[in-house]
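In: Build me a model from this:
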Amino acid sequence: MTAEPTDNFVSPPIDPDSAMDVFTAPEGKGLDVHVAKVRALVADFSADATTEEGRKAAKAFAYKIVRSKTILDDAGKTLVAKLKELPKTIDANRKRMRDALDALAEQVRAPVAAWEAVETARKDKHVQRINELALLGSAVDSMGNPLTADQIKANIAALMAFIPPADEDFFDEYRLTVQQARDKAQTAFAARVRYEAEQVELASLRAAQAEREEADRRAALALQEARNRENEARNRELEAASKEHADRLAQEAEARRVSDAALAHERAENARLKSEADAAEAQRKRDADAIAAREADHEHRRKVNGRAASTIALLLAGDKISAEAATDGAKAIVRAIATGNVPSVSIAY
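Out: Below is the predicted model of the structure:
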């Protein structure tokens, strides 16, 4: 391994008077000169990432490169603050410098990162395998489902047959995990064997119980069927008696209906004949009353007319007309008035 870079590698602050020249120089000059010096040192640098000493040297070298980047970048920031009219040019040079130095630092760190990735993968593989071995001591699978006695027995056999890898970092952990998992699996196996034996016994008891219950169910069903047949026979007898009673009531009701209908017809006929007789009698009375009224009116009119004629006859007789002529003339006048042949004159009856 080559000697580590000296402390002089960290670039001193750039002289503010020459900062403009350094940061505005074309590609290949200015900052690129500083980057080229660092690149040359990186090209001469080598370190063994598989050793602790080599990894420390690589990290220290990379830190010095980053420190140089910071010093150079700070000088650029100061120049930008003073000369705002040139920010784009300065920022472009700063970025180019940063990218180059970051790439160089990454180049130096790459072997270490690669070794660390391999080491992490190696450790993760052992941890995963140890977790898998620990799971073999469980009474349930990865989904939480109980294992059978045969499955637990197979896990015990796998633990007994397991040979830890020759890796000093994890050998003791492998041995302890296998021992603990084997003890747990054996305990779980004994418990599972007892449980499965109990389940077989319970299944037998349940089967016997189910058989007894089935026999009881069938006996109860047969008894119920017998009772149903008795009830059906009794219901048929009741239905027959009820039907006979209903038929008798229907016949009696029909006889009453016929009798009531005949009686109602007779009563209606009698009522009709009586109504007709009453109407005839009423009409006869009306006719007799009308005749009597006409006769009374005729007699009344005759008397009124007679008195009127007598009065007129007396009036006429005063004029030296004969009594007979006066009487005839008076009657003629009354008849004319009574029949409405004398305008504006009437007789009050």
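In: Could I get the full set of helices for the stretch 51-200 of the chain?
Out: Using DSSP state H, counting those that start in this stretch, the helices of the stretch 51-200 of the chain run over 52-82, 87-135, 149-161, 171-317.
In: Quick one: list the elements packing against the shortest one.
Out: In terms of contacts (3 or more Cβ pairs under 8 Å, 6 or more residues apart in numbering; DSSP states H and E), helix 149-161 is packed against helix 171-317. (Each C-beta comes from the backbone N, C-alpha and C, glycine too.)
In: What mean pLDDT does the helix it packs on get?
Out: Averaged over helix 171-317, pLDDT sits at 86.
In: for it, the distance to its chain's centre please.
Out: Its chain's C-alpha centre and that of helix 171-317 lie 44 Å apart, by Cα atoms, centre = their mean, to the nearest Å.
In: so how far is residue 135 from the most centrally placed residue in the chain?
Out: Centre of the chain computed as the mean C-alpha position; nearest residue by Cα atoms, centre = their mean is residue 143, 31.0 Å away. Per Cβ to Cβ, to the nearest Å, residue 143 is found 12 Å from residue 135.
In: And residue 143, what's its pLDDT?
Out: 78.
In: Please state the backbone phi and psi of it?
Out: phi -90, psi 0 (degrees, to the nearest 10).
In: Spit out the contact partners of it.
Out: Listed by Cβ atoms under 8 Å, 6 or more residues apart in numbering, the contact set of residue 143 is empty.
In: and what of the one 4 residues further on?
Out: With contacts defined as Cβ under 8 Å, 6+ apart, the neighbours of residue 147 are 138, 139, 140, 141, 155, 188, 192.
In: Filter the residues you listed down to the buried ones.
Out: Neighbour-count burial (16 or more other Cβ atoms under 10 Å) applied to the contacts of residue 147 gives 138, 139, 155, 188, 192.
In: Dump the residues you listed into TSV; add distance to residue 279 as well.
Out: As requested, those are exported to TSV (distance: Cβ to Cβ, whole Å):
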residue	distance to residue 279
138	117
139	115
155	121
188	118
192	115
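In: For residue 333, which residues are in contact?
Out: Counted by Cβ under 8 Å, 6+ apart, residue 333 has contacts 309, 312, 342.
In: Starting from residue 31, give me the distance back to the residue nearest to residue 24 when sequence neighbours are not counted.
Out: Excluding the flanking residues, the one nearest residue 24 by Cβ to Cβ, 6 or more residues apart in numbering is residue 89, at 5.7 Å. To residue 31, residue 89 is 12 Å away according to Cβ to Cβ.
In: Need the residues touching each of the two.
Out: residue 23.
In: Between the two, which has more neighbouring residues?
Out: Between residue 89 and residue 31, residue 31 has the larger neighbour count (other Cβ atoms under 10 Å), namely 25 against 14.
In: residues in contact with that one?
Out: Per Cβ under 8 Å, 6+ apart, neighbours of residue 31: 22, 23, 25, 72, 93, 94, 96, 97.
In: same thing but 10 Å
Out: Counting by Cβ atoms under 10 Å, 6 or more residues apart in numbering, residue 31 touches 14, 22-25, 72-73, 75-76, 90, 93-94, 96-98, 100-101.
In: Could you do residue 119 as well?
Out: So residue 119 contacts residue 169 (Cβ under 10 Å, 6+ apart).
In: now residue 99
Out: Counted by Cβ under 10 Å, 6+ apart, residue 99 has contacts 35, 69.
In: what's the spacing between it and residue 139?
Out: From residue 99 to residue 139 the distance is 58 Å (Cβ to Cβ).
In: cool, residue 71 as well?
Out: Distance from residue 71 to residue 139, by Cβ to Cβ: 64 Å.
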